[in-house]
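> build the 3D model from these lines:
(one chain, ligands or ions: 1)
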Amino acid sequence: MTDQTATDYPEKIRKHFSTVYQQTPLIVRSPGRVNLIGEHTDYNMGFVLPAAINKAIYLGIQKREDNEMHFVSFDMDDFYQTDLQNITRSGKLWPDYILGVVEQFRKAGAEFTGFNIVFGGDIPFGAGLSSSAALECASGFAFNELFTFRFDRRQIALMGQAAENQFVGVNCGIMDQFASVFGKKQNLIRLDCRSLEYEYIPFNDNDIEIVLFDTQVKHSLASSAYNDRRAQCEKGVSLIKQQHPEVQSLRDATEEMLLKHVKPADEETYRRCHYVVSEIQRLLDGCEDLKKDDLRAFGKRMFETHAGLRDLYEVSCPELDHLVNLVKDQPAVLGARMMGGGFGGCTINLVEKESVHALIQDVTSGYKALSGKDVQVYVANIQDGTSRVES
Ligand code: GAF
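Got it, this is the predicted structure:
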(Lines give C-alpha, C1' and ligand atoms only; values in the text may rest on other atoms or scores of the structure.)
Protein backbone atom coordinates (compact mmCIF):
# COMPACT_ATOMS: atom_id res chain seq x y z
CA MET A 1 0.00 0.00 0.00
CA THR A 2 2.78 2.42 0.86
CA ASP A 3 5.52 3.02 -1.64
CA GLN A 4 9.25 2.43 -1.53
CA THR A 5 12.03 4.69 -2.72
CA ALA A 6 12.94 3.73 -6.27
CA THR A 7 16.62 3.30 -5.57
CA ASP A 8 17.22 1.53 -8.84
CA TYR A 9 16.30 4.55 -10.96
CA PRO A 10 19.87 5.77 -11.56
CA GLU A 11 20.76 2.33 -12.88
CA LYS A 12 17.68 2.18 -15.11
CA ILE A 13 18.48 5.61 -16.52
CA ARG A 14 22.13 4.69 -17.08
CA LYS A 15 21.20 1.51 -18.94
CA HIS A 16 18.53 3.16 -21.06
CA PHE A 17 20.89 6.01 -21.89
CA SER A 18 23.52 3.64 -23.10
CA THR A 19 20.97 1.71 -25.20
CA VAL A 20 19.50 4.83 -26.83
CA TYR A 21 22.63 6.97 -27.25
CA GLN A 22 25.57 4.57 -26.76
CA GLN A 23 27.00 6.96 -24.17
CA THR A 24 27.58 6.96 -20.41
CA PRO A 25 25.59 9.80 -18.81
CA LEU A 26 26.22 12.10 -15.91
CA ILE A 27 23.23 11.59 -13.59
CA VAL A 28 21.48 14.13 -11.40
CA ARG A 29 18.81 13.56 -8.76
CA SER A 30 16.35 16.33 -7.92
CA PRO A 31 13.59 15.62 -5.38
CA GLY A 32 9.91 16.47 -5.01
CA ARG A 33 8.75 18.32 -1.92
CA VAL A 34 6.20 18.53 0.83
CA ASN A 35 5.18 21.79 2.50
CA LEU A 36 4.15 21.69 6.14
CA ILE A 37 2.50 25.09 6.30
CA GLY A 38 2.49 28.36 4.34
CA GLU A 39 0.41 27.64 1.23
CA HIS A 40 -0.04 30.22 -1.54
CA THR A 41 2.20 32.54 0.42
CA ASP A 42 5.33 32.29 -1.75
CA TYR A 43 4.15 34.55 -4.59
CA ASN A 44 2.84 36.96 -1.94
CA MET A 45 6.39 37.35 -0.63
CA GLY A 46 5.53 35.53 2.60
CA PHE A 47 7.14 32.47 4.18
CA VAL A 48 6.92 28.76 3.38
CA LEU A 49 8.05 25.64 5.23
CA PRO A 50 8.83 22.93 2.66
CA ALA A 51 11.19 19.96 2.66
CA ALA A 52 12.62 17.78 -0.10
CA ILE A 53 11.44 14.17 0.05
CA ASN A 54 12.38 10.63 -0.90
CA LYS A 55 10.81 10.88 -4.34
CA ALA A 56 12.85 12.33 -7.14
CA ILE A 57 13.53 12.86 -10.81
CA TYR A 58 16.73 11.21 -12.06
CA LEU A 59 18.13 12.81 -15.18
CA GLY A 60 20.98 11.49 -17.30
CA ILE A 61 22.74 13.89 -19.67
CA GLN A 62 25.66 13.84 -22.07
CA LYS A 63 27.02 16.13 -24.81
CA ARG A 64 26.37 15.66 -28.52
CA GLU A 65 28.64 16.75 -31.33
CA ASP A 66 25.93 18.78 -33.09
CA ASN A 67 23.43 21.41 -31.95
CA GLU A 68 20.56 19.03 -31.40
CA MET A 69 18.73 18.32 -28.17
CA HIS A 70 17.29 14.83 -27.75
CA PHE A 71 15.07 14.07 -24.75
CA VAL A 72 13.67 10.71 -23.65
CA SER A 73 11.05 10.37 -20.93
CA PHE A 74 11.73 6.90 -19.57
CA ASP A 75 8.43 6.58 -17.68
CA MET A 76 6.24 7.96 -20.44
CA ASP A 77 8.16 6.07 -23.10
CA ASP A 78 8.20 9.25 -25.15
CA PHE A 79 10.81 11.12 -27.18
CA TYR A 80 11.29 14.72 -28.25
CA GLN A 81 13.94 16.27 -30.44
CA THR A 82 14.75 19.82 -31.48
CA ASP A 83 17.84 21.99 -31.79
CA LEU A 84 19.33 25.03 -30.15
CA GLN A 85 18.02 27.32 -32.90
CA ASN A 86 14.45 26.18 -32.20
CA ILE A 87 13.58 26.72 -28.60
CA THR A 88 9.80 26.94 -28.83
CA ARG A 89 7.00 25.17 -26.97
CA SER A 90 6.91 21.52 -27.84
CA GLY A 91 3.15 21.03 -27.83
CA LYS A 92 3.37 18.21 -25.31
CA LEU A 93 4.30 19.92 -22.04
CA TRP A 94 6.96 17.67 -20.50
CA PRO A 95 9.79 18.79 -22.86
CA ASP A 96 8.86 22.41 -22.09
CA TYR A 97 10.19 22.13 -18.53
CA ILE A 98 13.62 21.32 -19.97
CA LEU A 99 13.44 23.75 -22.90
CA GLY A 100 12.31 26.57 -20.60
CA VAL A 101 15.41 26.07 -18.47
CA VAL A 102 17.67 26.07 -21.55
CA GLU A 103 16.10 29.38 -22.53
CA GLN A 104 16.71 30.86 -19.07
CA PHE A 105 20.33 29.68 -18.99
CA ARG A 106 20.93 31.27 -22.37
CA LYS A 107 19.36 34.54 -21.24
CA ALA A 108 21.86 34.44 -18.40
CA GLY A 109 24.72 34.09 -20.90
CA ALA A 110 25.27 30.32 -20.97
CA GLU A 111 26.55 28.88 -24.24
CA PHE A 112 25.29 25.40 -25.06
CA THR A 113 26.18 22.77 -27.56
CA GLY A 114 23.80 19.88 -28.27
CA PHE A 115 23.00 17.28 -25.63
CA ASN A 116 21.09 14.06 -24.96
CA ILE A 117 18.80 13.45 -21.99
CA VAL A 118 16.98 10.49 -20.46
CA PHE A 119 14.95 11.17 -17.34
CA GLY A 120 12.53 9.28 -15.11
CA GLY A 121 11.57 9.00 -11.48
CA ASP A 122 9.08 8.16 -8.81
CA ILE A 123 7.38 11.51 -8.14
CA PRO A 124 3.78 10.86 -9.12
CA PHE A 125 2.77 13.31 -11.82
CA GLY A 126 -0.02 15.74 -10.89
CA ALA A 127 -0.03 14.76 -7.21
CA GLY A 128 1.15 18.19 -6.04
CA LEU A 129 4.60 16.92 -5.09
CA SER A 130 6.35 19.19 -7.61
CA SER A 131 7.45 16.80 -10.30
CA SER A 132 7.72 19.74 -12.71
CA ALA A 133 9.97 21.79 -10.43
CA ALA A 134 12.09 18.68 -9.88
CA LEU A 135 12.49 18.25 -13.63
CA GLU A 136 13.42 21.93 -14.06
CA CYS A 137 15.96 21.77 -11.26
CA ALA A 138 17.39 18.46 -12.42
CA SER A 139 17.84 20.01 -15.88
CA GLY A 140 19.43 23.19 -14.54
CA PHE A 141 21.78 21.34 -12.21
CA ALA A 142 22.72 18.91 -14.99
CA PHE A 143 23.48 21.73 -17.48
CA ASN A 144 25.63 23.40 -14.85
CA GLU A 145 27.62 20.22 -14.27
CA LEU A 146 27.91 19.11 -17.89
CA PHE A 147 28.95 22.48 -19.34
CA THR A 148 30.62 23.81 -16.13
CA PHE A 149 28.52 26.98 -16.18
CA ARG A 150 29.12 27.85 -12.49
CA PHE A 151 25.65 29.09 -11.58
CA ASP A 152 24.90 28.68 -7.87
CA ARG A 153 21.96 26.80 -6.34
CA ARG A 154 19.94 29.94 -5.85
CA GLN A 155 20.29 30.86 -9.52
CA ILE A 156 19.34 27.33 -10.57
CA ALA A 157 16.16 27.50 -8.47
CA LEU A 158 15.29 30.97 -9.80
CA MET A 159 15.89 29.94 -13.42
CA GLY A 160 13.64 26.90 -12.87
CA GLN A 161 10.88 29.16 -11.60
CA ALA A 162 11.39 31.63 -14.47
CA ALA A 163 11.15 28.73 -16.95
CA GLU A 164 7.81 27.74 -15.48
CA ASN A 165 6.54 31.35 -15.43
CA GLN A 166 7.73 32.42 -18.85
CA PHE A 167 7.92 29.26 -20.95
CA VAL A 168 5.33 26.90 -19.46
CA GLY A 169 3.01 29.77 -18.48
CA VAL A 170 2.26 28.96 -14.83
CA ASN A 171 2.90 31.94 -12.56
CA CYS A 172 4.20 29.82 -9.69
CA GLY A 173 6.23 31.15 -6.79
CA ILE A 174 9.71 30.02 -5.79
CA MET A 175 8.83 27.40 -3.15
CA ASP A 176 8.97 24.20 -5.19
CA GLN A 177 12.23 24.87 -7.01
CA PHE A 178 13.87 26.19 -3.85
CA ALA A 179 12.84 23.12 -1.86
CA SER A 180 14.09 20.75 -4.54
CA VAL A 181 17.49 22.44 -4.79
CA PHE A 182 18.07 23.36 -1.12
CA GLY A 183 16.52 20.33 0.61
CA LYS A 184 18.42 18.93 3.59
CA LYS A 185 17.92 15.50 5.14
CA GLN A 186 15.72 15.64 8.27
CA ASN A 187 15.24 19.39 7.99
CA LEU A 188 12.45 21.73 6.99
CA ILE A 189 13.36 24.91 5.15
CA ARG A 190 11.88 28.08 6.56
CA LEU A 191 12.13 30.30 3.51
CA ASP A 192 11.47 34.00 3.36
CA CYS A 193 10.21 34.31 -0.21
CA ARG A 194 10.94 38.04 -0.33
CA SER A 195 14.62 38.01 0.60
CA LEU A 196 15.24 34.31 -0.18
CA GLU A 197 16.92 34.04 3.20
CA TYR A 198 16.35 30.64 4.70
CA GLU A 199 16.89 28.65 7.81
CA TYR A 200 16.89 24.89 8.33
CA ILE A 201 14.61 23.64 11.09
CA PRO A 202 15.38 20.09 12.25
CA PHE A 203 12.48 17.70 11.79
CA ASN A 204 13.57 14.26 12.78
CA ASP A 205 10.86 13.33 15.17
CA ASN A 206 11.14 9.60 15.49
CA ASP A 207 7.54 9.25 16.62
CA ILE A 208 5.86 11.05 13.73
CA GLU A 209 5.47 10.14 10.07
CA ILE A 210 4.57 12.48 7.24
CA VAL A 211 1.81 10.62 5.42
CA LEU A 212 0.51 11.82 2.07
CA PHE A 213 -2.91 10.77 0.87
CA ASP A 214 -3.24 11.26 -2.86
CA THR A 215 -6.80 11.99 -4.04
CA GLN A 216 -5.84 10.74 -7.51
CA VAL A 217 -7.66 13.71 -8.98
CA LYS A 218 -6.25 16.65 -10.87
CA HIS A 219 -8.67 19.19 -12.20
CA SER A 220 -7.92 20.63 -15.59
CA LEU A 221 -8.61 24.17 -14.36
CA ALA A 222 -5.88 23.99 -11.74
CA SER A 223 -3.27 26.12 -13.50
CA SER A 224 -5.68 28.81 -14.73
CA ALA A 225 -7.27 29.00 -11.27
CA TYR A 226 -3.77 29.31 -9.80
CA ASN A 227 -3.01 32.28 -12.05
CA ASP A 228 -6.43 33.79 -11.17
CA ARG A 229 -5.71 33.58 -7.45
CA ARG A 230 -2.39 35.24 -7.95
CA ALA A 231 -4.06 38.05 -9.93
CA GLN A 232 -6.62 38.54 -7.12
CA CYS A 233 -3.81 38.91 -4.59
CA GLU A 234 -2.22 41.53 -6.83
CA LYS A 235 -5.55 43.31 -7.09
CA GLY A 236 -5.80 43.41 -3.30
CA VAL A 237 -2.32 44.93 -3.12
CA SER A 238 -3.17 47.57 -5.71
CA LEU A 239 -6.31 48.58 -3.77
CA ILE A 240 -4.26 49.02 -0.59
CA LYS A 241 -1.43 50.77 -2.41
CA GLN A 242 -3.66 53.69 -3.35
CA GLN A 243 -3.61 54.70 0.34
CA HIS A 244 -0.38 52.99 1.42
CA PRO A 245 2.18 53.26 -1.39
CA GLU A 246 4.75 51.44 0.73
CA VAL A 247 2.79 48.16 0.48
CA GLN A 248 4.49 46.06 -2.20
CA SER A 249 2.87 42.68 -1.55
CA LEU A 250 0.44 40.99 0.86
CA ARG A 251 3.46 40.41 3.09
CA ASP A 252 3.29 44.12 3.92
CA ALA A 253 -0.49 44.21 4.38
CA THR A 254 -2.38 44.07 7.67
CA GLU A 255 -5.88 42.80 8.37
CA GLU A 256 -6.87 46.37 9.14
CA MET A 257 -5.77 47.52 5.69
CA LEU A 258 -7.74 44.70 4.08
CA LEU A 259 -10.89 45.60 6.00
CA LYS A 260 -10.57 49.25 5.12
CA HIS A 261 -9.45 49.17 1.50
CA VAL A 262 -10.23 45.76 0.01
CA LYS A 263 -13.42 44.47 1.64
CA PRO A 264 -15.63 47.42 0.64
CA ALA A 265 -14.33 47.28 -2.95
CA ASP A 266 -14.47 43.54 -3.61
CA GLU A 267 -15.61 40.90 -1.14
CA GLU A 268 -14.10 37.93 -2.98
CA THR A 269 -10.70 39.59 -3.33
CA TYR A 270 -10.91 40.36 0.38
CA ARG A 271 -11.48 36.68 1.24
CA ARG A 272 -8.44 35.64 -0.83
CA CYS A 273 -6.22 38.30 0.73
CA HIS A 274 -7.53 37.62 4.23
CA TYR A 275 -6.51 33.98 3.87
CA VAL A 276 -3.00 34.92 2.72
CA VAL A 277 -2.38 37.49 5.44
CA SER A 278 -3.57 35.00 8.10
CA GLU A 279 -1.51 32.18 6.60
CA ILE A 280 1.70 34.20 6.69
CA GLN A 281 1.13 34.80 10.40
CA ARG A 282 0.10 31.17 10.93
CA LEU A 283 3.44 30.00 9.57
CA LEU A 284 5.37 32.32 11.88
CA ASP A 285 3.35 31.08 14.86
CA GLY A 286 3.80 27.48 13.67
CA CYS A 287 7.57 27.91 13.65
CA GLU A 288 7.35 29.02 17.29
CA ASP A 289 5.41 25.80 18.04
CA LEU A 290 8.20 23.80 16.42
CA LYS A 291 10.81 25.58 18.50
CA LYS A 292 8.87 24.53 21.58
CA ASP A 293 8.53 21.02 20.19
CA ASP A 294 4.77 21.40 20.33
CA LEU A 295 3.67 19.41 17.29
CA ARG A 296 0.08 19.25 18.55
CA ALA A 297 -0.23 23.03 18.40
CA PHE A 298 1.50 23.02 15.01
CA GLY A 299 -0.90 20.36 13.72
CA LYS A 300 -3.92 22.41 14.82
CA ARG A 301 -2.68 25.21 12.61
CA MET A 302 -2.48 22.82 9.67
CA PHE A 303 -6.22 22.12 10.07
CA GLU A 304 -6.81 25.89 10.15
CA THR A 305 -4.83 26.27 6.95
CA HIS A 306 -7.04 23.67 5.31
CA ALA A 307 -10.19 25.52 6.39
CA GLY A 308 -8.79 28.74 4.94
CA LEU A 309 -7.83 27.13 1.65
CA ARG A 310 -11.27 25.53 1.43
CA ASP A 311 -13.52 28.42 2.51
CA LEU A 312 -11.60 31.60 1.74
CA TYR A 313 -9.04 30.84 -0.94
CA GLU A 314 -11.31 28.21 -2.49
CA VAL A 315 -8.67 25.96 -3.96
CA SER A 316 -9.75 22.71 -2.32
CA CYS A 317 -12.09 20.14 -3.86
CA PRO A 318 -14.50 17.54 -2.42
CA GLU A 319 -11.91 14.76 -2.56
CA LEU A 320 -9.34 16.76 -0.56
CA ASP A 321 -12.02 17.74 1.96
CA HIS A 322 -13.06 14.09 2.37
CA LEU A 323 -9.47 13.12 3.14
CA VAL A 324 -9.11 15.84 5.77
CA ASN A 325 -12.53 15.08 7.30
CA LEU A 326 -11.65 11.40 7.54
CA VAL A 327 -8.66 12.11 9.79
CA LYS A 328 -9.65 15.22 11.69
CA ASP A 329 -11.06 13.40 14.73
CA GLN A 330 -8.37 10.74 14.85
CA PRO A 331 -6.21 11.35 17.95
CA ALA A 332 -3.17 9.89 16.16
CA VAL A 333 -3.34 12.62 13.51
CA LEU A 334 -1.72 15.79 14.79
CA GLY A 335 -2.51 17.85 11.72
CA ALA A 336 -3.72 17.51 8.15
CA ARG A 337 -4.48 19.74 5.21
CA MET A 338 -4.48 19.91 1.46
CA MET A 339 -1.03 20.66 0.09
CA GLY A 340 0.25 22.62 -2.88
CA GLY A 341 -1.68 24.53 -5.53
CA GLY A 342 -4.98 22.71 -4.92
CA PHE A 343 -7.92 21.26 -6.89
CA GLY A 344 -6.55 17.76 -6.39
CA GLY A 345 -3.24 16.20 -5.46
CA CYS A 346 -2.41 15.20 -1.89
CA THR A 347 -3.19 15.96 1.70
CA ILE A 348 -0.28 16.08 4.13
CA ASN A 349 -0.82 14.44 7.52
CA LEU A 350 1.37 14.33 10.63
CA VAL A 351 0.66 10.95 12.15
CA GLU A 352 1.89 9.13 15.24
CA LYS A 353 4.09 6.36 13.94
CA GLU A 354 2.45 3.42 15.66
CA SER A 355 -0.95 4.33 14.22
CA VAL A 356 0.07 4.82 10.60
CA HIS A 357 -0.91 1.36 9.43
CA ALA A 358 -4.39 1.44 10.99
CA LEU A 359 -4.97 4.97 9.74
CA ILE A 360 -4.09 4.02 6.18
CA GLN A 361 -6.63 1.21 6.31
CA ASP A 362 -9.34 3.52 7.66
CA VAL A 363 -8.69 6.25 5.14
CA THR A 364 -8.49 3.81 2.25
CA SER A 365 -11.93 2.37 2.93
CA GLY A 366 -13.44 5.70 3.99
CA TYR A 367 -12.23 7.47 0.86
CA LYS A 368 -13.54 4.71 -1.37
CA ALA A 369 -16.95 4.94 0.28
CA LEU A 370 -17.11 8.72 0.00
CA SER A 371 -15.61 9.30 -3.43
CA GLY A 372 -15.73 5.95 -5.18
CA LYS A 373 -12.00 6.29 -5.80
CA ASP A 374 -8.87 4.54 -4.56
CA VAL A 375 -6.54 6.63 -2.46
CA GLN A 376 -2.81 6.34 -3.05
CA VAL A 377 -0.58 6.58 0.02
CA TYR A 378 3.02 7.76 0.33
CA VAL A 379 5.02 7.91 3.53
CA ALA A 380 7.45 10.74 2.96
CA ASN A 381 10.78 11.18 4.62
CA ILE A 382 12.91 14.24 4.35
CA GLN A 383 15.95 14.02 2.11
CA ASP A 384 18.72 16.14 0.65
CA GLY A 385 18.14 18.42 -2.33
CA THR A 386 19.50 18.26 -5.87
CA SER A 387 22.81 16.50 -6.32
CA ARG A 388 24.89 14.55 -8.75
CA VAL A 389 24.51 10.77 -8.44
CA GLU A 390 27.96 9.20 -8.39
CA SER A 391 28.20 5.92 -10.26
C1 GAF B 1 2.36 25.34 -6.38
C2 GAF B 1 3.34 26.43 -6.81
F3 GAF B 1 4.21 25.94 -7.75
C4 GAF B 1 4.10 27.00 -5.63
O5 GAF B 1 4.91 28.08 -6.05
C6 GAF B 1 3.14 27.44 -4.51
O7 GAF B 1 2.53 28.67 -4.83
C8 GAF B 1 2.11 26.36 -4.23
O9 GAF B 1 1.47 25.87 -5.39
C10 GAF B 1 1.04 26.85 -3.28
O11 GAF B 1 1.61 27.15 -2.05
O12 GAF B 1 3.04 24.23 -5.86
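> kindly report the residues of the stretch 51-200 of the chain close to the ligand.
Neighbours of the ligand within the stretch 51-200 of the chain, by C-beta under 6 Å from any ligand atom: 172-173, 175-176. Placement of C-beta: from N, CA and C, glycine included.
> just the buried residues of the residues you listed.
Applying a neighbour-count criterion of 16 or more other C-beta atoms under 10 Å, the buried members of those are 172-173, 175-176.
> closest one to Gly341 out of the residues of the stretch 51-200 of the chain next to the ligand, please.
Ranking these by separation from Gly341, with C-beta to C-beta as the measure, puts Cys172 on top at 7.8 Å.
> what's near enough to touch that closest one?
Residues in contact with Cys172 (C-beta atoms under 8 Å, 6 or more residues apart in numbering) are 42-43, 133, 161, 164-165, 226, 341.
> out of these, the closest to the ligand would be?
Closest approach to the ligand among these (C-beta to the nearest ligand atom): Gly341, at 3.6 Å.
> now the closest residue to that closest one other than its chain neighbours: how far from Ala157?
Take Gly341 and drop its neighbours on the chain: the residue closest to it by C-beta to C-beta, 6 or more residues apart in numbering is Tyr226, 5.1 Å away. Remark: distance between Tyr226 and Ala157 (C-beta to C-beta, to the nearest Å) = 19 Å.
> neighbour-wise, which of those two wins?
In this comparison of Tyr226 against Ala157, neighbours counted by other C-beta atoms under 10 Å, the higher total goes to Ala157 at 28 against 21.
> neighbours of Arg153, how many?
Neighbourhood size, Arg153 [other C-beta under 10 Å]: 17.
> try Ala358
Ala358 has 12 neighbours, counted by other C-beta under 10 Å.
> so who does the nearest residue to it once chain neighbours are set aside touch?
The spatially closest residue to Ala358, leaving aside those adjacent along the chain, is Ala332, at 7.9 Å (C-beta to C-beta, 6+ apart). The contact partners of Ala332, taken as C-beta under 8 Å, 6+ apart, are 351-352, 354-355, 358-359.
> I'd say Val327 and Ala336 touch.
Yes - between Val327 and Ala336 there is a contact under C-beta atoms under 8 Å: 4.9 Å.
> overlap in contacts, those two.
Counting by C-beta under 8 Å, 6+ apart, the common neighbours of Val327 and Ala336 are 347, 349.
> so for Met225, what's the nearest residue that isn't a sequence neighbour?
Just so we're on the same page, residue 225 is Ala rather than Met. Closest residue to Ala225 apart from its sequence neighbours, by C-beta to C-beta, 6+ apart: Phe343 at 6.3 Å.
> return the distance of the one you found relative to Gly366.
For Phe343 relative to Gly366 (C-beta to C-beta), the value is 21 Å.
> swap in Phe167?
Relative to Gly366, Phe167 is positioned 41 Å away (C-beta to C-beta).
> of these two, which one has the most company?
Between Phe167 and Gly366, counting by other C-beta under 10 Å, Phe167 is the more crowded of the two (21 against 16).
> show me what contacts the closest residue to the more buried one other than its chain neighbours?
Residue nearest to Phe167 in three dimensions, not counting chain neighbours: Gly100, with 3.0 Å by C-beta to C-beta, 6+ apart. Listed by C-beta under 8 Å, 6+ apart, the contact set of Gly100 reads 136, 162-164, 166-168.
> which residues in this structure form helices?
Secondary structure of the chain (DSSP state H): helices located at 9-21, 94-107, 131-146, 153-162, 175-182, 222-241, 255-257, 267-291, 295-311, 318-327, 356-371.
> out of these, flag the one nearest Asp66.
helix 9-21 (12.7 Å).
> pull out the buried residues from that closest one.
Of the residues in helix 9-21, those buried under the neighbour-count criterion (16+ other C-beta under 10 Å) are 9-10, 12-14, 16-17, 21.
> quick one: which of these is nearest the ligand?
Sorting the buried residues of helix 9-21 by how near they are to the ligand, with C-beta to the nearest ligand atom, puts Tyr9 at the top with 22.8 Å.
> need the pLDDT of the nearest residue to that closest one once chain neighbours are set aside.
Nearest residue to Tyr9, sequence neighbours excluded (C-beta to C-beta, 6+ apart): Tyr58, at 4.4 Å. With respect to pLDDT, Tyr58 scores 98.
> tell me the residues of the stretch 251-391 of the chain that contact the ligand?
Taking C-beta under 6 Å from any ligand atom as the criterion, the neighbours of the ligand within the stretch 251-391 of the chain are 340-341.
> need the residues of the stretch 51-200 of the chain next to the ligand in TSV (columns: pLDDT).
Compiled in TSV, these are given as follows (pLDDT from 0 to 100):
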residue	pLDDT
Cys172	94
Gly173	97
Met175	98
Asp176	98
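> any idea which of those residues is closest to Ile53?
Of all these, Ile53 sits closest to Asp176, with 11.8 Å by C-beta to C-beta.
> OK, contacts around the closest one?
By C-beta under 8 Å, 6+ apart, the residues touching Asp176 are 33, 50, 130, 132-133, 161.
> so which pair among these is furthest apart in space?
Checked with C-beta to C-beta, those reach their widest spread between Pro50 and Ser132, with 14.7 Å between them.
> how near is the residue nearest to Tyr9 to the ligand?
From Tyr58 over to the ligand the distance is 21 Å, taken as C-beta to the nearest ligand atom, to the nearest Å.
> what about that residue, how many residues close to it?
26.
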